[in-house]
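J.: let me see the structure of the following:
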Amino acid sequence: MNWSDLGINIGTQKTGQVKTLCPECHSKRTDKKDKSLSCNLETGAFNCHYCNWHGNVNAKAVKTYLKPTWMNNTMLSNDIVKWFDSRGINQSTLLALRVTEGEEYMPQKGKNCQTIQFNYFVNDTLLNVKYRTLDKYFKLVSNAELVPYNIDSIYGQKTCIITEGEIDCLSFVQCGFYSVISIPNGATTNLSYLDRFIETHFEDKEEILIAVDTDLKGITLKAELIRRLGAERCKVVTYEQDCKDINELLCKPGCGVGAVQRAVQEAKFVKIDGIFEVSDVSEGLDVLYKNGLSKGAVIGHSKFDDLISWVTGRLCIVTGIPSHGKSEFLDEIIYRLNLKYKWRVAYFSPENHPLEWHISKVVSKLTGKPFNNEHLSLKEYDEAVEYLDTNYFFIAPKDSSDVETILEKALTLVKRKGIKILVVDPYNKLEHNIPRGISETQYVSMFLDQLINFSKKHNLLCFLVAHPVKMKMEDGVYETPNLYSINGSSHFYNKADYGLSVYRNIVSNTVEVHILKVKFRHLGKTGVAGFHFNINNGRYVEVSDNPPLWDNQNQLKKQIFNNRLSEHSHQQEIEDWDLPA
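T.: Okay, the predicted model is just below:
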């Protein structure tokens, strides 16, 4: 698809941003000269600031959403007005943010209920509604677009506040702060609903105040918002009197509006100078004390998961003899982390060329089907491509492939797409500009420090694939490589947080994954996990005493179902879902 296919005239410009006439609303506009459509020629994204038409020219198709009808019925019953009044929010604030009420079917109760209705507008167009009963059951409109609540209020403003719920958003407005939004779906780290607003609503912000709950999920959400929006302009709002959120502060005796205004005035910038006191991390330390050191993310292969679990902000080095499947098994780890935890990924993987071949392998892993129109239906194919378009990104610079260029592109994807995983595959395909007078060992140390520092700063799980030197062979069998086998330096072992070696055992016809290093005991231990490789869909199943039980389920379809269920009922997580082993 290109710009002209959508009726968009970008002129002769090739790069940067273009403002042009919107083909969707131009004929209906009074002001025929208003170029309301912003087009990013680098990313393909477009958005009309008048009619809200948006999408991406690089996507297979512009996704369409159900739009609820705005009835403009802002008359509220005495019961609802009194309930909000008990939360410190008066009727004028409810009217200003167009809060309504009405009867709605609530699936959790299996019947129609009287609900409060928080209406989600973008460019003054209703895109979604969150229904809430007084006993705290929620749902959003099925198949409607997920967007931040009250997002129009921050457009063009230099400062904004981000809260965790609509009640908190209303509380700030009640206290005189009008440039404030709420996240739409609870304290989850999946912030994909911010993607299309990053350039238009956030890039001009000088200060972003984060005012979320003080529980574990709130702390995790705060960290992800800071990571996406940039620590250099984020302030954190704290609450007096051990209150958990801003509405509790507003309602608490002796606090009220003055306490909320003080909390905003006293919000402090996130520390980014690398010097910390214990008090700076006391919030996270308290959570750690209460909950203990917990295992990280797991991928659903039980024996492998017993040996290793994953956290972001770390570097994993993967090695293995050429053609033994190290990139293939790395794809297995990533697609499972992505499905289960919504960790988006960016690849720099020039050996997986052309790009279409790499994508076809991931489609097979997601769907459990061989990549052809005989086994994979058009619907399954379209669902997989649509899913990958918002979860997988590929870095392929035209001019340079040095580490600085790769990390510059990755940083853009952190901010615009919220990636949590970066893959550099392999080390020897990067351009290595070793300064004069620096040994290879010193250079490797400096290079790894760049990856480690980038991963920590932006809270990424970084995978680096590195080939070993030519391994010794005895009786036609290669010895298993380890991290010390990688040419150049022992730093590949010393500096890694995780280390894996993928080895194809031709005697047993299995794939052995050797966990060579796990830096922190609570995240795992060294050992070996055995797998069989399913050549039909690229998946792995663990070795057992019985013949391999191949996994051919369409795991993407299962995840799509869970996502719809989660959005529909406003559950924050589907706790009992797991990938089949």
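
J.: CA only for contacts and neighbour counts going forward, please
T.: OK.

J.: C-alpha coordinates for the lengthiest strand in the chain, PDB please?
T.: Using DSSP state E to define each element, the chain has its longest strand at strand 111-122. Taking C-alpha atoms only, strand 111-122 is exported to PDB below (Å, rounded to 0.1, in the frame of the first residue of the first chain):
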ATOM      1  CA  LYS A 111     -27.600  -9.200  33.500                       C
ATOM      2  CA  ASN A 112     -28.300  -5.500  32.700                       C
ATOM      3  CA  CYS A 113     -27.000  -3.200  35.500                       C
ATOM      4  CA  GLN A 114     -27.100   0.500  36.100                       C
ATOM      5  CA  THR A 115     -23.600   1.800  35.300                       C
ATOM      6  CA  ILE A 116     -21.400   4.900  35.400                       C
ATOM      7  CA  GLN A 117     -20.200   5.600  31.900                       C
ATOM      8  CA  PHE A 118     -16.700   7.100  31.300                       C
ATOM      9  CA  ASN A 119     -16.700   8.300  27.700                       C
ATOM     10  CA  TYR A 120     -13.400   8.200  25.800                       C
ATOM     11  CA  PHE A 121     -13.100  11.000  23.200                       C
ATOM     12  CA  VAL A 122     -10.300  11.700  20.700                       C
END
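
J.: show me how far the next helix or strand after that strand is from its chain's centre.
T.: Remark: after strand 111-122, the chain's next helix or strand is strand 125-132, criterion DSSP states H and E. Strand 125-132 has its C-alpha centroid displaced from the chain centroid by 23 Å (C-alpha atoms, centre = their mean, to the nearest Å).

J.: picking up where we left off before, return the set of buried residues in the longest strand of the chain.
T.: 113-122 (16 or more other C-alpha atoms under 10 Å).

J.: with pLDDT and distance to residue 162 added, can I get the residues you listed in TSV?
T.: Formatted as TSV, the buried residues of strand 111-122 follow (pLDDT from 0 to 100; distance: C-alpha to C-alpha, whole Å):
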residue	pLDDT	distance to residue 162
113	93	30
114	93	28
115	95	24
116	95	21
117	96	20
118	97	16
119	97	17
120	97	15
121	96	16
122	95	16
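
J.: what about the stretch 1-150 of the chain, any weak spots by pLDDT?
T.: For the stretch 1-150 of the chain, the stretches with pLDDT under 70 are 1, 59-63.

J.: the strands in it, which residues?
T.: Here the stretch 1-150 of the chain has its strands, by DSSP state E, counting those that start in this stretch, at 17-20, 37-40, 45-48, 54-56, 100-106, 111-122, 125-132, 138-140.

J.: and the second one, what does it pack against?
T.: It stands for strand 37-40. strand 17-20, strand 45-48 (3 or more C-alpha pairs under 8 Å, 6 or more residues apart in numbering; DSSP states H and E).

J.: ok, the last one: who's next to it in the sheet?
T.: Spelled out, it's strand 45-48. strand 37-40 (antiparallel), strand 54-56 (antiparallel) (DSSP bridges).

J.: can you pull the contacts of residue 329?
T.: By C-alpha atoms under 8 Å, 6 or more residues apart in numbering, the contact list for residue 329 reads 502, 540.

J.: next one: residue 463
T.: Contacts of residue 463 (C-alpha under 8 Å, 6+ apart): 315-318, 421-425.

J.: go on, residue 549?
T.: Residues in contact with residue 549 (C-alpha under 8 Å, 6+ apart) are residue 541.

J.: how much space separates it from residue 541?
T.: Shown here: residue 549 relative to residue 541, a distance of 7 Å by C-alpha to C-alpha, to the nearest Å.

J.: what's the angle from the longest strand of the chain to strand 100-106?
T.: If you take axes from the mean of the first three to the mean of the last three C-alpha atoms, to 10 degrees, strand 111-122 sits at 120 degrees to strand 100-106.

J.: parallel or antiparallel, list what pairs with strand 111-122.
T.: strand 100-106 (antiparallel), strand 125-132 (antiparallel).

J.: any idea how far residue 319 is from the residue lying farthest from the centre of the chain?
T.: Distance from the C-alpha centroid of the chain, by C-alpha atoms, centre = their mean, peaks at residue 475 (47.6 Å). Here residue 475 is placed at a distance of 22 Å from residue 319 (C-alpha to C-alpha).

J.: show residues contacting stretch 247-260.
T.: Applying C-alpha under 8 Å, 6+ apart, the set of residues contacting stretch 247-260 is 86-88, 167-168, 171-172, 175, 239-241, 243, 246.

J.: do that again at 10 Å, thanks
T.: Applying C-alpha atoms under 10 Å, 6 or more residues apart in numbering, the set of residues contacting stretch 247-260 from outside is 85-89, 165, 167-172, 174-177, 237-243, 246, 261-263, 265-266.

J.: inside helices: which ones of those residues?
T.: Of the contacts of stretch 247-260, the ones assigned to helices by DSSP state H are 85-86, 167-172, 174, 246, 261-263, 265.

J.: tell me, which helix in this structure spans the most residues?
T.: Ranking each helix of the chain by length (DSSP H) puts helix 440-457 first.

J.: other SSEs contacting that one?
T.: Counting contacts by 3 or more C-alpha pairs under 10 Å, 6 or more residues apart in numbering; DSSP states H and E, helix 440-457 packs against strand 314-319, helix 403-417, strand 421-424, strand 461-465, helix 491-494.

J.: that one: which residues count as buried?
T.: 443-445, 448-449, 451-452, 454-455.

J.: got the angle between it and strand 314-319?
T.: Going by the same axes, to 10 degrees, helix 440-457 makes 130 degrees with strand 314-319.

J.: as a whole number, average confidence for helix 440-457?
T.: The average pLDDT for helix 440-457 rounds to 94.

J.: begin at 265, not 1, for the rest of this chat.
T.: Got it, the first residue is 265 from now on, which makes the last one we talked about helix 704-721.

J.: got the angle for that helix vs helix 667-681?
T.: 10 degrees.

J.: show me what helix 704-721 is in contact with.
T.: Residues from elsewhere that reach helix 704-721 (C-alpha under 10 Å, 6+ apart): 491, 495, 536, 576-580, 667-668, 671, 674-675, 684-686, 688, 696-699, 702-703, 723-728, 751-756, 758-761.

J.: among these, which ones are buried?
T.: The neighbour count (16+ other C-alpha under 10 Å) marks 491, 495, 576-580, 667, 671, 674-675, 684-686, 688, 723-728, 751-753, 755-756, 759-761 as buried among the contacts of helix 704-721.

J.: okay, the helices and strands packed on strand 301-304, which one's buried deepest?
T.: strand 309-312 (a mean of 21; mean count of other C-alpha atoms under 10 Å).

J.: got the contact list for that one?
T.: 267, 272, 281-289, 299-304, 316-323, 387, 460-461, 464.

J.: report the buried members of the residues you listed.
T.: Applying 16+ other C-alpha under 10 Å to the contacts of strand 309-312 flags 267, 272, 281-289, 299-304, 316-321, 323, 387, 460-461 as buried.
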